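In: sequence unknown, structure follows:
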């Protein structure tokens, strides 16, 4: 009986820990900006070609899917994925939003990551103040996070 209770408790704590380490990637820039302003965190905007860009996939595997990055991201930023897929269907509104942001930030290659602070101006519009940009950084999550922290 005791073993059953211990196993049950361990599985509950493991599930809670794993779900606490999961990331939320927003695709709606307006909603992500609202969250960022409420939580007083900058946005990490990830411009990616999720289904065709080899460096984007590599960045996901080597950095974004690691426990170190997940912990850091949950504490420091609001994540926004701005995807430019070739094969995966995408909503027209999201596609238009992503193209507009790509042009605004002059993104020419993938992956590109911009860190920005959203702020509401006097006309009730959201302004994005850039903090810096990066891309793929070799060396795993520790090196990538170090580069990101230098901009924040």
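Out: Noted; the coordinates are in hand. These figures come from a predicted structure and were not determined experimentally.
In: wouldn't residue 62 be in contact with residue 145 here?
Out: No: with contact defined as Cβ atoms under 8 Å, residue 62 and residue 145 do not form a contacting pair (12.0 Å). All C-beta spots, glycine's among them, are computed from the backbone N, C-alpha and C.
In: Sketch out the low-pLDDT regions of this structure for me.
Out: 1-21 (pLDDT under 70).
In: helix/strand/coil for the residue nearest to residue 119 when sequence neighbours are not counted?
Out: Once flanking residues are discounted, residue 119 sits nearest to residue 127: 5.1 Å by Cβ to Cβ, 6 or more residues apart in numbering. Recorded secondary structure, residue 127: strand (DSSP: H, G, I helix; E, B strand; the rest coil).
In: how close does residue 127 sit to residue 82?
Out: Using Cβ to Cβ, to the nearest Å, we find residue 127 at a distance of 18 Å from residue 82.
In: Same drill for these two, tell me which one is more crowded.
Out: residue 82 (25 against 12; other Cβ atoms under 10 Å).
In: contacting residues around that one?
Out: 27, 29, 45-48, 97-98, 101-102 (Cβ atoms under 8 Å, 6 or more residues apart in numbering).
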